[in-house]
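A.B. asks: pasting the sequence and the predicted coordinates here, then a few questions.
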Amino acid sequence: MHSHLPAIQAPTRPKALKPGDTIAIISPAGATPCNTSQDGPDAFEQGHDLLKAAGFKVKLMPNAKNKRLYLAGTDAERLADLHAAFQDPDIDGILCARGGYGCMRLLPQLDFELVHQNPKVMIGFSDVTALLLPFYQKSGLIGFYGPMLTSNLIHGEPYSQAELLKLIGGDCQTPYTVPNRDDYHPFRPGMAEGRLIGGNLSLLAALCGTPWQPETAGHILFIEDWKEKYYSLDRQFEQLKLAGLFEGITGLLLCDFSEIEPEPEQSLTDFLKGLTDFVKVPTGYGFSVGHGEQTATLPIGGMARFNADTGILSLLESPVTL
């Protein structure tokens, strides 16, 4: 079902998740590997135990552990779990098991009206960028760019878990300063305000030229990625530039760029500064959001203020309703 809902002007804040609430686990993209020490066969159990310890009930959706080549089951199976999680009144929030690849394959069949009518906390990052952005702009849902069940929710420091639980639980006094564990580098000074939009660079580039290309004007754009080479970063930033994603933004925050293959001629900081020199709004690099072991959680569609001089990012309103 391809929805032609207009971009939502007033985002919907989902209901906060409290102890006793039920969180559904879905795998809308890749299958969780079972042959590494990190994502071992007990990765789901580790995530389940962590959520249970936080007071939540956990519902593993029927296809969450499926595997079909590099995908967590067929498109129809992954889509069925996603739609069912939004539709089921006994499910209060939705957490993706992992990223990988596959979310874009679901876009043409997504029921945006279903999401619009049943707003819930939805959490994921990386490939889930391709769901969170359309949900925000087509259904009005504020989503959460944060740690996932079998990845850095269980492998990160307690920082990742604590920041997620604070945001989805509505436990932040606003303005709330998102704590940063990375070294920050100011590129262009100034203060920016706007709703947050962004995510993984590879997915932002992949959405360019599609009906789900994000409308970024008036927003603070945040970008992260990992395991890339300089030339691929260059190509993808150029794609975003040519597609107009930097036009009209109020600020630019380059977050965690981990495991980037180094080039001896130029540091990654200087390289990223050169790639974004054309952006004439407050800009900085170095913020713990993304694929690193520690990740904060950012609300896509949440109102924020970014001080590019100091690297302080503040949420100006709670992203959830109590």
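C.D. replies: That came through fine. These figures come from a predicted structure and were not determined experimentally.

A.B. asks: can you give me phi and psi for F144?
C.D. replies: The phi and psi values for F144, taken as degrees, to the nearest 10, are phi -120, psi 110.

A.B. asks: ok, it to D81 distance?
C.D. replies: Distance check for F144 against D81: by CB to CB, to the nearest Å, it reads 18 Å. Every C-beta, even on glycine, is put in place using the N, C-alpha and C of the backbone.

A.B. asks: same question, E193
C.D. replies: When distances are taken as CB to CB, E193 and D81 turn out to be 37 Å apart.

A.B. asks: counting neighbours, go ahead and name the busier of the two.
C.D. replies: D81 (23 against 15; other CB atoms under 10 Å).

A.B. asks: and the residue nearest to that one when sequence neighbours are not counted, how many residues sit next to it?
C.D. replies: Of all residues not flanking D81 in the chain, M61 sits nearest, at 3.9 Å (CB to CB, 6 or more residues apart in numbering). As a burial measure, M61 scores 23 neighbours (other CB under 10 Å).

A.B. asks: doesn't I26 make contact with M61?
C.D. replies: Yes - the pair M61 and I26 passes the contact test of CB atoms under 8 Å, sitting 5.0 Å apart.

A.B. asks: so what sits against both of the two?
C.D. replies: Common neighbours of M61 and I26, using CB atoms under 8 Å, 6 or more residues apart in numbering, are 81, 85.

A.B. asks: find the centremost residue of this structure, please.
C.D. replies: Of all residues in the chain, the one closest to the mean position by CA atoms, centre = their mean is Y145, 2.6 Å from it.

A.B. asks: show the model's pLDDT score for the residue of the chain most remote from its centre.
C.D. replies: Farthest-out residue of the chain from its mean C-alpha position, per CA atoms, centre = their mean: E265, at 31.8 Å. On the pLDDT scale, E265 is placed at 97.

A.B. asks: tell me how far it lies from T174.
C.D. replies: 44 Å.

A.B. asks: same check on P214?
C.D. replies: As defined by CB to CB, P214 lies at a distance of 25 Å from T174.

A.B. asks: now do N180
C.D. replies: Distance from N180 to T174, by CB to CB: 17 Å.

A.B. asks: elements contacting the strand ranked longest in the chain?
C.D. replies: Secondary structure assigned by DSSP state E gives strand 191-200 as the longest strand of the chain. When contacts are defined as 3 or more CB pairs under 8 Å, 6 or more residues apart in numbering; DSSP states H and E, strand 191-200 sits against helix 129-134, strand 219-226, strand 251-258, strand 298-300, strand 303-307.

A.B. asks: give the rounded mean pLDDT of the second one.
C.D. replies: Meaning strand 219-226. For strand 219-226, mean pLDDT rounds to 98.

A.B. asks: ok, residues contacting it?
C.D. replies: Applying CB under 8 Å, 6+ apart, the external contacts of strand 219-226 come out as 145, 192-202, 204, 233, 236, 245-246, 249-260, 287, 289-292, 298, 304, 306.

A.B. asks: where exactly do the strands run in the stretch 101-250 of the chain?
C.D. replies: Per DSSP state E, counting those that start in this stretch, the stretch 101-250 of the chain carries strands over the ranges 121-124, 143-145, 176-177, 185-188, 191-200, 219-226.

A.B. asks: counting contacts, what elements does the least confident helix or strand in the chain by mean pLDDT pack onto?
C.D. replies: For the chain, using mean pLDDT, DSSP states H and E, the weakest element among its helices and strands is helix 152-155, scoring a mean of 88. With contacts taken as 3+ CB pairs under 8 Å, 6+ apart, helix 152-155 sits against helix 43-53, helix 158-168.

A.B. asks: chain center to the longest strand of the chain, what's the gap?
C.D. replies: Averaging C-alpha positions (CA atoms, centre = their mean, to the nearest Å) puts strand 191-200 12 Å from its chain's average.

A.B. asks: equivalent analysis for stretch 180-189, please.
C.D. replies: 20 Å.

A.B. asks: next one: stretch 195-203
C.D. replies: Shown here is stretch 195-203, whose average C-alpha point lies 7 Å from the average C-alpha point of the whole chain (CA atoms, centre = their mean).

A.B. asks: residues in contact with it?
C.D. replies: 11, 99, 103-104, 125-130, 132-133, 136, 145, 204, 214, 216, 218-225, 228, 233, 236-237, 240, 253, 290, 298-304.

A.B. asks: quick one: buried residues of it?
C.D. replies: By 16 or more other CB atoms under 10 Å, the buried positions in stretch 195-203 come out as 195-203.

A.B. asks: stretch 221-228 too?
C.D. replies: So for stretch 221-228, counting by 16+ other CB under 10 Å, buried means 221-226, 228.

A.B. asks: how about CSV for those residues, with distance to A16 added?
C.D. replies: As requested, those are arranged in CSV below (distance: CB to CB, whole Å):
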residue, distance to A16
L221, 26
F222, 23
I223, 28
E224, 25
D225, 30
W226, 30
E228, 35
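
A.B. asks: nearest to L313, of these?
C.D. replies: F222 (8.4 Å; CB to CB).

A.B. asks: do you know how far that closest one is from L298?
C.D. replies: F222 sits 6 Å away from L298, taking CB to CB as the criterion.

A.B. asks: that concludes my questions; thank you for your assistance.
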